[in-house]
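Trainee: model the following, please.
(one chain, ligands or ions: 1)
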Amino acid sequence: MKTIVQLPDPVLRQTAAPVATSEIKGKHIKTLIEDMKKAVEHEEDAVAIAAPQLGESVRLFVVSKRVDKKYEDDLVFINPEIIRLGKNKTIMQEGCLSVRWKYGDVKRATTASVRALNVEGNEFVMNGRGLLAQIFQHEVDHLNGILFIDTAKNIEDIPPQK
Ligand code: ZN
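Mentor: Alright, predicted model coming up:
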């Protein structure tokens, strides 16, 4: 199991590089995606992870199938771009696998659309609302070196109960 990088590791503050089309099906990216899926699976409260959180500064994130019963497998977003953000914003509580165990209130658009490549290298667009929209914004922020604590209000430390 790969360890999830924690603040203040500088990789979390880098702007991640796009994945070259020729590398998408390569061993390195395949292994990275498998490691990311395992890391998310291992963290009980996790819903998504971005590549920099495993120390790899590339534009890639994975959303756990836990997010919605309708998903049979984790969702992979390579070179994702937010192409639409809803005008309605709401305060959502947020945490991060790389900022244990802080939680805070972040203002997020309630709907967001992402365009990305899948593991086959094919482009797709996914529209998210609520939690999925929040995840899209949080994960794309990671790829730009932004963490939720940069804008969060009322940050609290809530360690897990033993
Ligand atoms: Zn995060």
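Trainee: got the contact list for the longest helix along the chain?
Mentor: Identified as the longest helix of the chain according to DSSP state H is helix 27-42. Residues from elsewhere that reach helix 27-42 (CB atoms under 8 Å, 6 or more residues apart in numbering): 1-2, 4, 19, 23, 46-49, 51, 53-54, 56, 58, 60-62, 64, 74, 76, 78, 97, 119. For the C-beta atoms, the positions are set from N, CA and C on the backbone; glycine is no exception.
Trainee: what does the closest residue to Asp68 other than its chain neighbours show for phi and psi?
Mentor: Using CB to CB, 6 or more residues apart in numbering and skipping the chain neighbours, the partner closest in space to Asp68 is Leu132 (7.4 Å). Reported as degrees, to the nearest 10, the phi and psi values for Leu132 are phi -60, psi -40.
Trainee: ok, Leu132 - how many residues close by?
Mentor: 19 (other CB atoms under 10 Å).
Trainee: how about the contacts made by it?
Mentor: If you count contacts by CB under 8 Å, 6+ apart, then Leu132 has Val63, Val67, Asp68, Ala112, Met126 around it.
Trainee: pLDDT score assigned to the residue positioned nearest the centre of the chain?
Mentor: A centroid search over the chain (CA atoms, centre = their mean) returns Glu139, at 3.1 Å, as the residue closest to the centre. Per-residue pLDDT puts Glu139 at 98.
Trainee: Met126 versus Gln53, what's the distance?
Mentor: 21 Å (CB to CB, to the nearest Å).
Trainee: run the chain-centre distance for the longest strand anywhere in the chain.
Mentor: In the chain, with assignment by DSSP state E, the single longest strand is strand 75-85. For strand 75-85, the separation from the chain centroid amounts to 10 Å (computed by CA atoms, centre = their mean, to the nearest Å).
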